[in-house]
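> give me coordinates for this.
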Amino acid sequence: MNSKNLKLLIIIPLVISVLAAIFTIIMFYKGDETVASDAGAQAVTIVPLFYLTYFVLGIATLAALVFFVVQIIKGTVDMKKLGIGLGSFILVIVISYVMASDTVPVKFAETISSSTTKWVGAGLIMFYLLLALSVLGIIYSEVSRLFK
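Coordinates of the predicted model:
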């Protein structure tokens, strides 16, 4: 990697971090109540932070997809392992969706649909399942290392 690209990889995150810090300092300076109640204060502090977050998320997603496609083209990705991983993830999504309830709490009945409740529940269940699987994987790897 040449020095120009390396400088860009250092400067761009630094600029993004400085912008985020500036908007956060402005938000703290204005105070919670002002930001919560004043639309002008929200336009100066919170809205730019959301756009910055969307930008960073978009860049990270694009970089991950480009890297993935490049690795597939190079042939360094084992397609069998990729299929197993992708299939397992889809299975976790399906199990989470089936387990989720579509019952809407009474206080949210006017603003949230049963479909939204089902997907939110599925997301939470999926998070808990993946968290449990990752903890079990860590425990397995540590215990198996003890016996080697």
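
> any stretches of this structure with poor pLDDT?
The chain contains residues with pLDDT under 70 at 1.

> longest helix of it?
Taking DSSP state H as the criterion, the chain has its longest helix at helix 114-146.

> and it, what does it pack onto?
helix 79-99 (3 or more CB pairs under 8 Å, 6 or more residues apart in numbering; DSSP states H and E). C-beta coordinates here come from the backbone N, C-alpha and C atoms, glycine included.

> how far off centre is the helix it packs on?
Between the centre of helix 79-99 and the centre of its host chain there is 18 Å, according to CA atoms, centre = their mean, to the nearest Å.

> for stretch 91-107, same thing?
20 Å.

> picking up where we left off before, and the longest helix of the chain with helix 79-99, angle?
130 degrees (axes from the mean of the first three to the mean of the last three CA atoms, to 10 degrees).

> may I see the buried residues of helix 114-146?
Of all the residues in helix 114-146, those buried under the rule 16 or more other CB atoms under 10 Å are Thr117, Lys118, Gly121, Ala122, Ile125, Met126.

> now stretch 88-101
For stretch 88-101, by 16+ other CB under 10 Å, it's Val92, Ser96, Ala100.

> who touches the second one in this structure?
By that I understand Ser96. Ala122, Gly123, Ile125, Met126, Leu129 (CB atoms under 8 Å, 6 or more residues apart in numbering).

> tabulate these (JSON lines), appending distance to Phe67.
Formatted as JSON lines, the contacts of Ser96 follow (distance: CB to CB, whole Å):
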{"residue": "Ala122", "distance to Phe67": "28"}
{"residue": "Gly123", "distance to Phe67": "26"}
{"residue": "Ile125", "distance to Phe67": "30"}
{"residue": "Met126", "distance to Phe67": "24"}
{"residue": "Leu129", "distance to Phe67": "27"}
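
> of these, just say which sits nearest to Glu33.
Distance to Glu33 across these (CB to CB) is lowest for Gly123, with 31.2 Å.

> contact partners for the closest one?
Ser96.
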